[in-house]
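Engineer: give the three-dimensional model of this entry:
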Amino acid sequence: MKTVTTEEHATDAAGAGNPYVIGVIAALWMTAAMFGHRLFFGIASVPGLITERVIPLVPGQASGDIIGVLAQFAKLLPELFAIGAQLLVGGAVATWYARSWGKEDAPAWKQWAFGPLVALSLWIATLAILWPVLIENYHGHSLATGRMLTIIAIFGDYLLFGILLPLLFICARRREGATAMVADEGARAVTRRQALTFVGTGAGVAFGAVTLGLARVSTLGYDGTRPQRPVQPITDNAAFYSVTKNLADPRISDPAIWQLAIGGDVANPMTLSFADLHALPAADETATLMCIGNTLGGGLMSTAAWHGVPLQSLIEMAKPAPGVTEILFTASDGYTNTIEFDKVAAEGVIVAYGMNGEPLPRKHGYPARIIAPGRYGEHHVKWVTRITVQKGHTKGFYESQGWDRAAVVKTVSRIDVPAGGDTVIRGQPITMQGVAFAGLRGVSKVEVTADGGATWQPATITAKPSPQSWALWEYPWTPTKNGNYKLGVRCYEESGALQPVKETQDFPSGVAGIHFVEVMAK
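Structural biologist: The predicted structure is shown next:
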């Protein structure tokens with residue numbers, strides 16, 4: 001008589017090995033499929049959508065602290081947690097299935113009906129929870145089309161899980177020796193464990209391959225890019241600072257797919273193709289962009305010559321209704337932000353499709369983005385696909401975290417040369433260099449100090465690409481004695497107002513204060 005071990009008894013009780021492992025394997029295949037359509041078709045994955053739903057709920061201060069520690073890898077953590085949760089749910093569903101509809105003596109129809117029913121239930125729950133972010137599409141389809149494709153893809157993902165579940169249970173229940181691989185004169189049984197190992201390994205390989213593919217197009221290689229100091233008056237496209245909320249940015253390679261919809265409280269809603277936008281009268285705007293999360297003296301600031309269509313002319317074509325107060329921008333990746341309706345013309349906002357004489361680079365918003373001079377980077381919406389004219393207010397992506405709604409840049413200045421901690425030679429002249437920026441208020445003059453602010457000397461503005469751009473400055477300085485020097489810079493607006501000198505943190509409305517660096521003279 002065969003002795004049945006405790007392990008075998010537990011295995012046979014479920015009739016299918018470890019149900020939890022089976023569920024995780026099925027969920028792994030499902031997750032690989034999700035990342036597959038994200039990589040090849042630009043259709044968002046459920047883990048990515050969960051991340052997009054959760055991040056705006058995280059307070060901006062906490063989010064900034066996390067990014068300060070983990071840098072761009074901070075955006076990877078919530079997606080990893082979502083993937084882990086997805087695998088855990090898959091295991092739990094499989095365990096339930098093994099104890100109910102999936103029992104070995106259950107009718108075949110019942111075993112097979114469970115999967116589609118679970119897929120339908122998960123699909124409905126997912127749509128209810130993630131509906132606001134289902135518009136995301138990373139290949140540039142319209143928001144309505146993007147939502148439809150995402151809805152279909154999610155159901156397909158869950159249906160794959162539902163079909164794999166009973167299949168894997170059938171595979172696991174096959175008795176040893178039921179299937180044999182013939183080699184020479186003998187036969188070798190394919191056990192349940194071998195079969196599941198094969199399927200699980202395949203799932204892991206598929207998941208790994210797709211994940212590596214996504215890693216190749218991820219933003220981890222360029223998120224946080226900033227130009228080398230000292231900067232040039234106009235920043236090269238490749239060196240232009242880059243900050244993104246995405247783990248992988250939109251890749252809109254076919255401009256024929258992309259459209260710009262203009263609607264809301266307007267009498268003449270319209271949809272423009274890429275060619276339509278290029279055919280409209282265009283304007284040039286040389287403007288400086290700065291991240292609202294930039295640190296005091298930080299490098300998340302760049303200047304470019306932008307080319308595109310004035311937003312005011314597009315709004316006039318759409319014929320806004322009386323009483324509208326706000327313009328809402330929505331991007332292909334689901335990002336949103338707003339600007340006051342009465343500021344559009346005054347601030348020279350444009351829908352840009354050119355940058356420094358070239359088409360917009362992909363990471364900077366191709367095929368079109370918003371340029372809102374004098375506002376922090378969150379207002380310069382990349383991959384814009386819809387413009388809504390409205391009377392009410394909708395919180396933008398970062399405003400939902402508590403960041404400032406208006407996000408008008410504060411006047412700041414910084415020292416680029418020498419850098420803090422540098423050693424300089426006593427008696428040898430050095431040219432101090434840096435930038436000053438005041439948004440639409442303009443920079444009129446710059447002053448520097450070599451004694452911690454006790455005395456100030458005028459610096460020379462060497463370049464100012466436009467009234468609303470940064471100003472580059474220089475000051476010849478010679479250290480006269482050995483020891484530490486505390487160098488600082490401050491600037492004045494065109495009105496004569498001094499930049500804010502009280503130091504403040506970046507959250508919620510941008511950093512302020514005097515930038516000092518300490519150097520050693522020998």
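Engineer: what about the nearest residue to G23 once chain neighbours are set aside, neighbour count?
Structural biologist: Distances taken as Cβ to Cβ, 6 or more residues apart in numbering place A94 nearest to G23, at 2.6 Å, with adjacent residues excluded. For glycine as for every other residue, the C-beta is placed from the backbone atoms N, C-alpha and C. By the criterion of other Cβ atoms under 10 Å, A94 has 29 neighbours.
Engineer: check whether N294 really touches A512, as I assumed.
Structural biologist: No: in this structure, N294 is not within contact of A512 by Cβ atoms under 8 Å, at 10.9 Å.
Engineer: for these two, indicate the residue with more neighbours.
Structural biologist: N294 (22 against 17).
Engineer: okay, buried residues for stretch 474-487 please.
Structural biologist: E474, Y475, W477, P479, Y485, L487 (16 or more other Cβ atoms under 10 Å).
Engineer: could you do stretch 514-522 as well?
Structural biologist: For stretch 514-522, using 16+ other Cβ under 10 Å, the buried residues are I514, H515, F516, V517, V519, A521.
Engineer: that one - what's its average pLDDT?
Structural biologist: Mean per-residue pLDDT for stretch 514-522: 97.
Engineer: may I have that stretch as CSV, with CA atoms only?
Structural biologist: This file holds the C-alpha atoms of stretch 514-522, laid out as CSV (Å, rounded to 0.1, in the frame of the first residue of the first chain):
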residue,chain,number,x,y,z
ILE,A,514,19.4,84.4,-2.3
HIS,A,515,21.7,81.8,-3.7
PHE,A,516,25.1,81.6,-2.0
VAL,A,517,28.1,79.4,-2.6
GLU,A,518,31.2,79.0,-0.5
VAL,A,519,34.7,78.7,-2.1
MET,A,520,38.2,78.4,-0.7
ALA,A,521,41.0,80.7,-1.8
LYS,A,522,44.6,79.5,-1.5
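Engineer: returning to that earlier point: so can I have a markdown table of the buried residues of stretch 514-522 showing secondary structure?
Structural biologist: Shown next, in a markdown table, are the buried residues of stretch 514-522 (DSSP: H, G, I helix; E, B strand; the rest coil):
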| residue | secondary structure |
| --- | --- |
| I514 | coil |
| H515 | strand |
| F516 | strand |
| V517 | strand |
| V519 | strand |
| A521 | strand |
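Engineer: quick one: the strands in the stretch 251-400 of the chain, in order.
Structural biologist: In the stretch 251-400 of the chain, the strands defined using DSSP state E, counting those that start in this stretch lie at 259-264, 270-273, 283-290, 301-310, 326-331, 336-340, 350-355, 358-359, 369-371, 384-390.
Engineer: given the helix or strand where Y475 lies, what are its sheet partners and their directions?
Structural biologist: Taking DSSP states H and E as the definition, Y475 sits inside strand 471-477. Strand pairing for strand 471-477, using DSSP bridges, gives strand 430-437 (antiparallel), strand 460-463 (antiparallel).
Engineer: give me the contacts around the next helix or strand after the first one.
Structural biologist: The helix or strand immediately downstream of strand 430-437 is strand 443-449, counting by DSSP H and E. Contacts of strand 443-449 from elsewhere in the structure, counted by Cβ atoms under 8 Å, 6 or more residues apart in numbering, are 411, 413, 415, 432, 434, 436-437, 455-459, 461, 464, 470-471, 473, 475, 477, 486-496.
Engineer: from the buried residues of stretch 474-487, pick the one nearest D65.
Structural biologist: Nearest to D65, judged by Cβ to Cβ, of the buried residues of stretch 474-487 is L487 at 28.9 Å.
Engineer: next, the angle strand 443-449 makes with the strand or helix carrying the closest one.
Structural biologist: L487 belongs to strand 483-493 when assigned by DSSP H and E. For strand 483-493 against strand 443-449, the angle by axes from the mean of the first three to the mean of the last three Cα atoms, to 10 degrees is 160 degrees.
Engineer: what's near enough to touch the residue nearest to G23?
Structural biologist: P19, Y20, I22, G23, V24, A26, L165.
Engineer: among those, which two are most distant?
Structural biologist: Pairwise across those, and taking Cβ to Cβ, the largest span is found between Y20 and L165, at 12.1 Å.
Engineer: neighbour count winner among the two?
Structural biologist: L165 (30 against 17).
Engineer: what's the distance between the more buried one and L120?
Structural biologist: 14 Å (Cβ to Cβ, to the nearest Å).
Engineer: next one: H379
Structural biologist: Distance from H379 to L120, by Cβ to Cβ: 41 Å.
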